[in-house]
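1. What follows is a predicted protein model with its sequence.
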Amino acid sequence: MTDDIAYWFSYLTNGKHLTWYASFQFTIFAALAGGTLAVVFGLIGATLKNSRFFPLRLIGTTYSSIVRGVPDVLFFLFFPLAFEQAVEWLVATQVCSPEAIAVQTAAWPPCKEANWFLGTPEYLILASVSLGLVYGAFATNVIHGALRSVPHGQLEAARAYGMSAAQVLWRVHIRQMWVYALPGLSNVWMLIVKATSLLSLLQIADIVLWADRLGAPNFLPTVGLVHEDWRWRYYLVLFVFYILVTLISEKAFNAIMRRAGRGILSEAQ
Amino acid sequence: MKKIILAAAAILSLTSVSQAQETIRIATEGAYAPWNFLDDAGKPAGFEIELGNAICEKAALTCEFIINDWDSIIPNLLAGNYDVIMAGMSITDERLETIDFTQNYFPPDPSKFVATTGKAIDPSALEGKRVGVQGSTIQAAYAQENLAGNNTIVSFGTADQAMADLAAGNLDTILADAAYLEPVVTASGGTLEFVGEDILIGDGVGAGVRKDEAELKGKFDTAITALKADGTLDTLIAKWFEGRGPYFAE
Amino acid sequence: MERFIQELALFAPAVLFNIYFAAASIPIGFVLAIGLALGKASSNPWLSRPSRAFVYAFRGSPLFIQFFMFYSLALSFNVSLWKPWGVSWFVLHPLFIGPLVLTLNTGAYTAEIFYGALRAVPRGEVEAARAYGMSRAQQFRQVIWPNLIRLAWPAYTNEVVFLFHATAIVYFALPVIGLQKDLMITAKELFERDYNAFLHFSVAALYFLAVSLVVFFLFGLVYQRLMRHMPAPPRMRFQPKWIR
């Protein structure tokens, strides 16, 4: 019995499993960075949407409706590729000599010097930015609505105090907006958490990739423990992990909402 | 603003390019034992990893292995995310249109059908069977062309996933490289068996490189020639593929 | 331009798979959701606890993981259950297990929408119905359901659009049979051949956008019909929200 426990303990703490546990950092990083960026893009988008200048308003509206009209996976795959090619093109206009372009036989990049290597850190950042862009479009909508929910009297009072338009926006409008935006933003956060399961599509060795590799059946003793198909057990662990993250996030958001809602009469509570 | 972006982009790319010149990145799948797999320490291991390290030692290069999914392994080579593919990839005319290969480091090897013992599958007259292949492989192309008419071709992301479906009885047979299947069939202790005739496709396994990397390809070719001549390659093949070789002994 | 039109034609069979996945899972998911929403609102803990747990689990975890898990789980029962029952040939088929997982998933999301709407049904109307001596079934059919569906319809429209978007990941997790490929796999394979991300992914995006717009239009018509008793029926706009 104790032998069994010791055996399974050593199996579950071998290097392959430890790498799996360590890979949770990618998921957590992508969620946190993606969430922060989503709020940033959401603020930018909502400001654009509120702008008095028509072209800016158009950009804000187009951004939030096009991105939401397309599956997140599609944008998630497309953005890093497109960004990489765009950067390589920009660099190519600066560093490629005509001779180098003439020598180049491959379809892309224009010359060898313009090639941009993407490893795990780069992909992780690009993935976070692309999560931020996708869910920023949703956050734009949330924040846009929240900005309109701030009682008009508050803004008028601020203006009456002689605040400039920027002061009204930053000191009164956006500060009071959070209470109204929090329920929507908590929803966006849950979406981002779930979308982090897609990281392996960008060749990041994340929790999903390791779950597949650990669970796949093994027939060869030279490779490691010989076992049948165990994938669903590993995926079950991830299933539970995500549910726990959702549970904790929900509790945290409720606590924040209670705090942020103090002293403000609203339906958001 | 545009200048700043350009400068930043230029620095970014220059730093990564200069790094790349120091280290050669080799992509492998890590799910194709004994060719390449992830060992108990979570690191790439197997025949191609040992061979790759031997090549790099001969050619005085610093090498690093990267794990990349099989189906996007060629596009990501073209995208410049690594410089070499060593993932049990057969040299074919179709692949030669997009990338270059070094000389082969594993001779042309037949593809075989494997099935659960006693299922009485006859690959020469397959009808109404479920045939498993790994997507984007020469076997997938072969099956799609020759067997798709009367059978169901099921493509999987990795060969291990296909094996899982065969073991669970969701497939009647799998078509894959003999050198991948032989150790599996041997280790299965009689639950799996080869059926039918071998199929000869592919020109052996080589390392894939971008077409503009003639210099790197040259270094690899020289090193592989040397390893063939001094017997290292045969030793590695004998170590990882029981009963195979020697192929390159003079 | 000619290339673009060729590309559109190339993707036309692929979009049918996405539409099939959505169309096969939405009606069953709808029925499942009604049951789950009523279960969640039930005062019987043997009904409400499992419904609550089901909805929470499926809304709280990624669909991507659900696909992997259910395929692998179904595979492990192949020899013991599916084979003897003679259903093996379709249980593990992506065209069956794909919609199955999608149904469970959309059932949970839709149940949450219906549950919210159920709680928003005006109490006075329910009390009036009870005062008229209506049975519980009558109350549901004649008072609660008409209110519920009108309240829930805009959010449900959103859910349908997002479910359609979610069909994009089916074949990233399940094996591909023969040439049965959906929009994403088609785009990815074309991209892997010529490395032109802008063309292939944009065409796939256009298809998704177009079908989303059609869904909004059709569901908007239904909404107008549902709301025909109102003096000025509210119109639905293309406005995907953050529901999912």
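-> Cool, got the structure.
2. Up against chain C, what does chain B have?
-> B:71-72, B:74-75, B:78-79, B:135-136, B:144, B:148, B:152-157, B:161, B:164-165, B:168-170 (C-beta under 8 Å from any C-beta of the partner chain). In short, each C-beta sits where N, CA and C put it, glycine included.
3. Regarding A:Leu118, what is its secondary structure?
-> coil (DSSP: H, G, I helix; E, B strand; the rest coil).
4. Run through the residues that contact it.
-> For A:Leu118, the contact set (C-beta atoms under 8 Å, 6 or more residues apart in numbering or on different chains) comprises A:80, A:84, A:126, B:79-81.
5. which phi and psi does it have?
-> Main-chain dihedrals, A:Leu118, degrees, to the nearest 10: phi -110, psi 120.
6. Around C:Arg225, how many other residues sit close by?
-> Counted by other C-beta atoms under 10 Å in any protein chain shown, the residues lying close to C:Arg225 total 9.
7. got a list of what it touches?
-> Taking C-beta under 8 Å, 6+ apart, one finds nothing in contact with C:Arg225.
8. Which strands and helices lie in contact with the longest strand belonging to chain B?
-> The single longest strand within chain B, with elements called by DSSP state E, is strand B:192-199. When contacts are defined as 3 or more C-beta pairs under 8 Å, 6 or more residues apart in numbering or on different chains; DSSP states H and E, strand B:192-199 sits against strand B:111-116, helix B:178-187.
9. A:Arg159 and A:Val168 touch, don't they?
-> Yes: taking contacts as C-beta atoms under 8 Å, A:Arg159 lies within contact range of A:Val168: 5.9 Å.
10. The two: which is more packed in?
-> Per other C-beta under 10 Å, whichever of A:Arg159 and A:Val168 has more neighbours is A:Val168, with 18 against 14.
11. Now the more buried one. Its backbone dihedrals?
-> phi -60, psi -40.
12. Do I have it right that it meets A:Leu155?
-> Yes: using C-beta under 8 Å, A:Val168 makes contact with A:Leu155 at a distance of 5.8 Å.
13. that older thread, may I see the buried residues of the longest strand of chain B?
-> B:192, B:194-196, B:199 (16 or more other C-beta atoms under 10 Å in any protein chain shown).
14. With pLDDT added, can I get those residues in a markdown table?
-> Formatted as a markdown table, the buried residues of strand B:192-199 follow (pLDDT from 0 to 100):
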| residue | pLDDT |
| --- | --- |
| B:Leu192 | 92 |
| B:Phe194 | 93 |
| B:Val195 | 91 |
| B:Gly196 | 87 |
| B:Ile199 | 91 |
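15. can you list the weak-confidence ranges in chain C?
-> C:233-244 (pLDDT under 70).
16. And the strands in it?
-> C:176-177.
17. what's the angle from the longest strand of chain B to helix B:178-187?
-> Orientation of strand B:192-199 against helix B:178-187 (axes from the mean of the first three to the mean of the last three C-alpha atoms, to 10 degrees) gives an angle of 160 degrees.
18. among the contacts of A:Leu118, which are in helices?
-> A:80, A:84, A:126 (DSSP state H).
19. could these go into JSON lines alongside pLDDT and neighbour count?
-> JSON lines is the format used below for these (pLDDT from 0 to 100; neighbours: other C-beta atoms under 10 Å in any protein chain shown):
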{"residue": "A:Pro80", "pLDDT": "89", "neighbour count": "22"}
{"residue": "A:Glu84", "pLDDT": "88", "neighbour count": "23"}
{"residue": "A:Leu126", "pLDDT": "94", "neighbour count": "19"}
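20. Switch the residues you listed over to TSV; also include distance to A:Val95.
-> Formatted as TSV, these follow (distance: C-beta to C-beta, whole Å):
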residue	distance to A:Val95
A:Pro80	22
A:Glu84	16
A:Leu126	21
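21. Can you name the next helix or strand after the helix or strand of chain B with the lowest mean pLDDT?
-> In chain B, no helix or strand scores lower on mean pLDDT, DSSP states H and E than helix B:2-22, which sits at a mean of 50. Downstream of helix B:2-22, the first helix or strand assigned by DSSP states H and E is strand B:23-28.
22. could you pull out the helices for chain C?
-> C:2-41, C:45-60, C:63-76, C:83-85, C:88-91, C:94-120, C:123-131, C:136-139, C:145-166, C:170-173, C:183-194, C:197-226.
23. can you check chain B too?
-> Using DSSP H, the helices of chain B run over B:2-22, B:47-58, B:73-78, B:93-98, B:138-146, B:159-167, B:178-187, B:214-229, B:232-240.
24. out of those, deepest packed?
-> helix B:159-167 (a mean of 24; mean count of other C-beta atoms under 10 Å in any protein chain shown).
25. Summarise which helices and strands that helix is packed against.
-> Partner elements for helix B:159-167 (3+ C-beta pairs under 8 Å, 6+ apart): strand B:31-32, strand B:111-116, strand B:130-134, strand B:152-156, strand B:173-177, helix C:63-76.
26. switch to 7 Å and redo it
-> The elements that helix B:159-167 packs onto, with contact taken as 3 or more C-beta pairs under 7 Å, 6 or more residues apart in numbering or on different chains; DSSP states H and E, are strand B:31-32, strand B:130-134, strand B:173-177.
27. Could you tell me which strands the longest strand of chain B is paired with, and in which direction each runs?
-> strand B:111-116 (antiparallel) (DSSP bridges).
28. and the partner strand, how far from the chain's centre?
-> Its chain's C-alpha centre and that of strand B:111-116 lie 18 Å apart, by C-alpha atoms, centre = their mean, to the nearest Å.
29. Residues contacting it, please?
-> B:121, B:123, B:139, B:166, B:172-178, B:181, B:185, B:191-196, B:198-199, B:201 (C-beta atoms under 7 Å, 6 or more residues apart in numbering or on different chains).
30. gap between the two ends of stretch B:116-129?
-> 13 Å (C-alpha to C-alpha, to the nearest Å).
31. Could you list the buried residues of that stretch?
-> Neighbour-count burial for stretch B:116-129 [16+ other C-beta under 10 Å]: B:116, B:121, B:123, B:126, B:129.
32. Widest-spaced pair of these?
-> For the buried residues of stretch B:116-129, the farthest-apart pair by C-beta to C-beta is B:Thr116 and B:Leu126; their separation is 15.2 Å.
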